[in-house]
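Visitor: Sequence plus the predicted model coming up.
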Amino acid sequence: MTEQNNDKDKAYLFQVNLKGMIELLSEHIYSSPNVFVRELLQNGTDAITAGCGTKPFAGEINVVKEGSTVIFEDSGTGLTEDEIHRFLSVIGQSSKRDTALSRNYIGKFGIGMLSCFVVSNEIVVETCSAAVPGKTLRWRGKADGTYLMEESAAPKDAGTRVILRPKKEWSFLFEKPELKKNILYFGNALPVRINLAEGDKKEALVWRTPAWLDLESTREELLDCGKQIFNIDFLDAFPIQTLTGRIRGAGFVMPHKIQFTGAKEHRIYMKRMFLCEHAGNLLPEWASFVKCVIDTESLQPTASRESLVDNLELKEAKKELNLVFKDYLRDISAENPDLLQNIIDIHHMYIKALAAEDSSLLKMFADHIPFETNKGVLTFGALRLTETEIYYTLSSDDFKRIRRIAGSRGKTVINAIYSFENDIIRKIRIVFPEIRLSEINPRDILDDLGKAVENDAKFSDFERRADEILTKYYCKAQINKFDPEETPVIYFANDEALQNKHIMDFSGEKNPFASALHEVMKKKDVPAPVLCFNKNNQLVNDLVDMDDEIMFEAVVKILYVQSLMLGNYPVQKNEMNMFNDSVYQLLISGVGHSSLFGK
């Protein structure tokens, strides 16, 4: 903001409402008030990093509980008086930014200390800088935006103590069990020793590198580690490492099926500090049957430190992780085919999604991949051995309509209702050109059915009589022979025929635009739906010989609506009314006709 004064620009500084900033942090940036534990552990670890330089970590963090007060102590480099004024007292200013060791620091945004104001009205910092040994300073900051600083008689060793007293509503976060839980939740993988002390009791909470960070860990060690983290007995475990993002960690294969669209829970760490549980923008979607615990040294976190910035480096890291998971599957296909088959049996949906994007893996896994067919669940390998031609349908409703009758005619039909299954079938044609794969729909089955009796006047007359009844419902009658014989009728219609039927139904309504709409939208030269009567069925044979026209019409109408219901076709209101009227007609006219119900 500037103001013209005596022909010179005079600059003014923006003012910051600290209380408003605290509300912003607690309600919009940080998802939970317990993040103050993470921020203080982070500051302590970074201070120790600064003190160690390039040497191995040698410091420790002590979390001390004194009544309701909690003190976070570190043996790091400490702060000088000038650094206190520049970094502790300026929001957004960080001592860890733009330094030679900045890439080794966890935090850099300069807002972490504000998280303490979410749970406490005052922050007391006692610090002794390694650059000014023997001089301890006390900084006391308040939520109203003021702070005091004075020299302290506290211990003179280099390091920092952050002292907090809780607000009444957050006092439970300062209880020892809750403190311990949050320290382990955020800091269990940190490279410094972390102790929790109260009175004369001191407990070491973090003191060693977890197995998932050690690339030399055995499979059994990783499985035990995964059980401790997720409380799941995993099917398998494998190490993860990438160059981009400098990622290390482990993947754990789930022992049971999981929802394809469900939330994916992982453990993502940033420089060994816990970051978040969800990493949809980092891990490949098809690998969701694997729970991951990974640490990144260079990917960039958001300001809230609860997710990763979706930038170019993250996209490259995701590509590398994709290759890591694929290499794992390739390795076990050669070393442990039984384990691979077990994984595919449980997680075949994810393996199909992978195979749909990678032709080399499709060729490797194809024979293991199961498909739902009208003859049960069969692997592609079994289909290749037993079938000369394989059919598939892309509609679940079409599959339900034709599965029984297709099976009776010796056809094997795959229910390829998921988009990636269609991709797999398309790629199978390329990878396995010798396999005959054909899409099939109900109309194709109708064309394949045998005629009842060629040139038989009785059956021709039956078709004519049934046609007269069904014409008003945009349907034709046809009699054929097919199995199973207990099925009296099947309704056949493709999508275009159904669309025309819906337009016909609409044009029959009292609507001034319906007739014009019918002429414009109705597709020409599309065969009408067919109600196919089964010559092998006893009820149909009795119906062919029926002379009672009232009873004949009622039964034809009932069979028509029944076929719509069984085929999962939509039933219009007028059709449902017709069905009810026909049932009533049967009740008053001919319940005694035993031929209708079998002898």
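Guide: Received, thanks. Numbers count the residues shown, from 1 in each chain.

Visitor: what number of residues lie near the closest residue to residue 343 other than its chain neighbours?
Guide: Nearest non-adjacent residue to residue 343, counting by CB to CB, 6 or more residues apart in numbering: residue 253, 6.1 Å away. From N, CA and C alone the C-beta is placed, and that goes for glycine too. By other CB atoms under 10 Å, the residues close to residue 253 number 22.

Visitor: Output the below-cut-off pLDDT ranges for the stretch 401-550 of the chain.
Guide: Within the stretch 401-550 of the chain, the stretches with pLDDT under 70 are 450-455, 503-525.

Visitor: circling back to that earlier point, state whether the residue nearest to residue 343 and residue 233 are indeed in contact, as I suppose.
Guide: No - using CB atoms under 8 Å, residue 253 makes no contact with residue 233, being 11.0 Å away.

Visitor: shouldn't residue 63 be in contact with residue 194?
Guide: Yes - counting by CB under 8 Å, residue 63 sits close enough to residue 194 to count as a contact (7.0 Å).

Visitor: overlap in contacts of the two?
Guide: Common contacts of residue 63 and residue 194 (CB atoms under 8 Å, 6 or more residues apart in numbering): residue 183.

Visitor: Please name every helix or strand in contact with the helix or strand hosting residue 542.
Guide: Assessed by DSSP states H and E, residue 542 sits inside helix 538-544. Contact here means 3 or more CB pairs under 8 Å, 6 or more residues apart in numbering; DSSP states H and E; on that basis helix 538-544 packs against helix 457-470, strand 530-534, helix 549-566.

Visitor: coming back round to it: residue 63 and residue 194: which is more packed in?
Guide: Legend: neighbour count by other CB under 10 Å for residue 63 and residue 194, higher for residue 63 (26 against 23).

Visitor: what's the nearest residue to residue 63 if we skip its chain neighbours?
Guide: Residue 63 sits nearest to residue 196 (CB to CB, 6+ apart), 5.0 Å away.

Visitor: my read: the one you found touches residue 206, true?
Guide: No - look at residue 196 against residue 206 with CB under 8 Å: they stay out of range, at 9.7 Å.

Visitor: quick one: common contacting residues for the two?
Guide: Joint contacts of residue 196 and residue 206 (CB under 8 Å, 6+ apart) are residue 183.

Visitor: all helices of the stretch 301-450 of the chain, in order?
Guide: All helices of the stretch 301-450 of the chain, identified by DSSP state H, counting those that start in this stretch, fall at 312-335, 337-357, 359-365, 380-386, 396-408, 419-431, 442-448.

Visitor: what is the rounded mean pLDDT of the third one?
Guide: It refers to helix 359-365. For helix 359-365, the mean pLDDT works out to 88.

Visitor: List the contacts of it.
Guide: Against helix 359-365 from outside (CB under 8 Å, 6+ apart): 326, 329-330, 333, 340, 344, 351, 354-356, 424, 427-428, 430-431.

Visitor: Any chance of a ChimeraX selection covering the buried ones in these?
Guide: Buried members of the contacts of helix 359-365, defined by 16 or more other CB atoms under 10 Å, are picked up in ChimeraX with:
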select :326,329,333,340,344,351,354,355,356,424,427,428
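
Visitor: For residue 416, state which of the contacts of helix 359-365 is nearest.
Guide: Using CB to CB, residue 424 is the member of the contacts of helix 359-365 that lies nearest residue 416, at 7.8 Å.

Visitor: leaving aside the residues next to it on the chain, what's closest to the closest one?
Guide: Nearest to residue 424 is residue 356, by CB to CB, 6+ apart, at 5.0 Å.

Visitor: ok so, going back, rebuild the helices and strands packed on helix 538-544 as TSV, extending it with mean neighbour count and distance to residue 173.
Guide: Output for the helices and strands packed on helix 538-544, formatted as TSV (neighbours: other CB atoms under 10 Å; distance: least, CB to CB, whole Å):
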stretch	mean neighbour count	distance to residue 173
helix 457-470	16	73
strand 530-534	24	70
helix 549-566	19	59
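
Visitor: where does the stretch 51-200 of the chain have low pLDDT?
Guide: Using pLDDT under 70, the flagged stretches of the stretch 51-200 of the chain are 52-58, 89-111, 155.

Visitor: Select, out of the helices and strands packed on helix 538-544, the one closest to residue 117.
Guide: Comparing the helices and strands packed on helix 538-544 by CB to CB, helix 549-566 comes nearest, at 65.1 Å.

Visitor: Run the chain-centre distance for that closest one.
Guide: 46 Å (CA atoms, centre = their mean, to the nearest Å).

Visitor: Which residue ranges of the stretch 101-250 of the chain form strands?
Guide: 122-128, 136-142, 147-152, 159-164, 193-198, 201-206, 236-242, 247-253 (DSSP state E, counting those that start in this stretch).

Visitor: just the angle between the fifth one and strand 201-206, please?
Guide: Read that as strand 193-198. 150 degrees (axes from the mean of the first three to the mean of the last three CA atoms, to 10 degrees).

Visitor: List the contacts of strand 193-198.
Guide: Counting by CB under 8 Å, 6+ apart, 41, 59-66, 176, 179-180, 183, 187, 202-207 sit against strand 193-198.

Visitor: Mind checking which of these land in helices?
Guide: Using DSSP state H, the subset of these located in helices is 41, 176, 179-180, 183, 187.

Visitor: about what we covered before: tell me which of the helices and strands packed on helix 538-544 lies nearest to residue 369.
Guide: Across the helices and strands packed on helix 538-544, closest to residue 369 is helix 549-566 (CB to CB), at 30.6 Å.

Visitor: ok, then the element right after that closest one?
Guide: helix 573-589.

Visitor: mind listing what the residue nearest to residue 34 when sequence neighbours are not counted touches?
Guide: The shortest distance from residue 34 to any non-neighbouring residue, by CB to CB, 6+ apart, is to residue 182 (4.9 Å). Contact analysis of residue 182 by CB under 8 Å, 6+ apart lists 34, 37-38, 173.

Visitor: how far away is residue 182 from residue 396?
Guide: 47 Å (CB to CB, to the nearest Å).

Visitor: Same check on residue 534?
Guide: Taking CB to CB, one finds residue 534 at 24 Å from residue 396.

Visitor: try residue 469
Guide: 30 Å.
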